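Engineer: One predicted model, sequence on top.
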Amino acid sequence: MSSQRKRRLVNAVNVAIIALQRAGIVFGPMQLLTVPGRRTGKPRTFAIAVVPVADERYIVQAFPKAAWVLNARAADQVTLTRGRRSTRARLTELPVEARRPVLRRLVEESPPSVGKRYADNGLSPSPTPDDVAASAEHIAVFRVDAI
């Protein structure tokens with residue numbers, strides 16, 4: 001599948017997830033991340049997986065050139081919504097070396113599809129925990145800090 005087709009599919013799935021979440025239907029680790037646009041300041045909402053790793057919560061980039069990453073870097077605060085419950089949070093981007101153990105553990109503790117996603121999307125050469133961790137410079141990782 002071409003990257004453009006994959007992007008269209010992901011966007012369509014995100015629209016569906018956003019609609020379900022707004023209707024109060026939740027599933028898995030999915031939440032809505034609402035962040036001010038880095039240029040316009042207008043709220044932008046993205047379907048995001050908030051994953052627990054080592055007693056912390058993280059949001060991890062799964063696709064190259066994800067717009068939410070640039071917006072999150074520019075924002076002081078974000079809103080995370082799960083179903084009908086919203087909370088304010090601060091996202092702290094981890095430096096590359098601190099990302100490696102988080103990425104390794106995430107892939108080790110998750111279904112094989114998680115590592116495969118990083119390889120399929122060109123962020124890692126293979127889906128193994130070591131290769132995904134070694135690719136940390138290409139994968140943004142944000143710790144979710146409650147406000």
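Structural biologist: Happy to help now that I have it.

Engineer: Mind checking what secondary structure the spatially closest residue to residue 62 that is not a sequence neighbour has?
Structural biologist: Nearest non-adjacent residue to residue 62, counting by Cβ to Cβ, 6 or more residues apart in numbering: residue 117, 5.5 Å away. All C-beta atoms are positioned from the backbone trio N, CA, C, and that covers glycine. Here residue 117 is helix, with the state taken from DSSP: H, G, I helix; E, B strand; the rest coil.

Engineer: Now do residue 117, the pLDDT please.
Structural biologist: On pLDDT, residue 117 comes in at 93.

Engineer: Show me what the longest strand along the chain is packed up against.
Structural biologist: Taking DSSP state E as the criterion, the chain has its longest strand at strand 43-53. The contact analysis (3 or more Cβ pairs under 8 Å, 6 or more residues apart in numbering; DSSP states H and E) places strand 43-53 against helix 3-22, strand 30-36, strand 56-60, helix 67-74, helix 96-109.

Engineer: So what touches the last one?
Structural biologist: Applying Cβ atoms under 8 Å, 6 or more residues apart in numbering, the external contacts of helix 96-109 come out as 51, 53-54, 58, 60, 94, 114-115, 118, 127-130, 132-137, 139, 141.

Engineer: And for stretch 47-58?
Structural biologist: 13-14, 17-18, 21, 28-33, 59-60, 62, 68, 80, 102, 105-106, 109-110, 141-144.

Engineer: Can you list the helices and strands that the worst-scoring helix or strand of the chain on mean pLDDT packs against?
Structural biologist: Least confident helix or strand of the chain, by mean pLDDT, DSSP states H and E, is helix 3-22 with a mean of 80. The contact analysis (3+ Cβ pairs under 8 Å, 6+ apart) places helix 3-22 against strand 30-36, strand 43-53.

Engineer: hmm, 10 Å instead?
Structural biologist: strand 30-36, strand 43-53, strand 78-82 (3 or more Cβ pairs under 10 Å, 6 or more residues apart in numbering; DSSP states H and E).

Engineer: and those strands, which is most packed in?
Structural biologist: Comparing the helices and strands packed on helix 3-22 by mean neighbour count (mean count of other Cβ atoms under 10 Å), strand 30-36 ranks first with a mean of 21.
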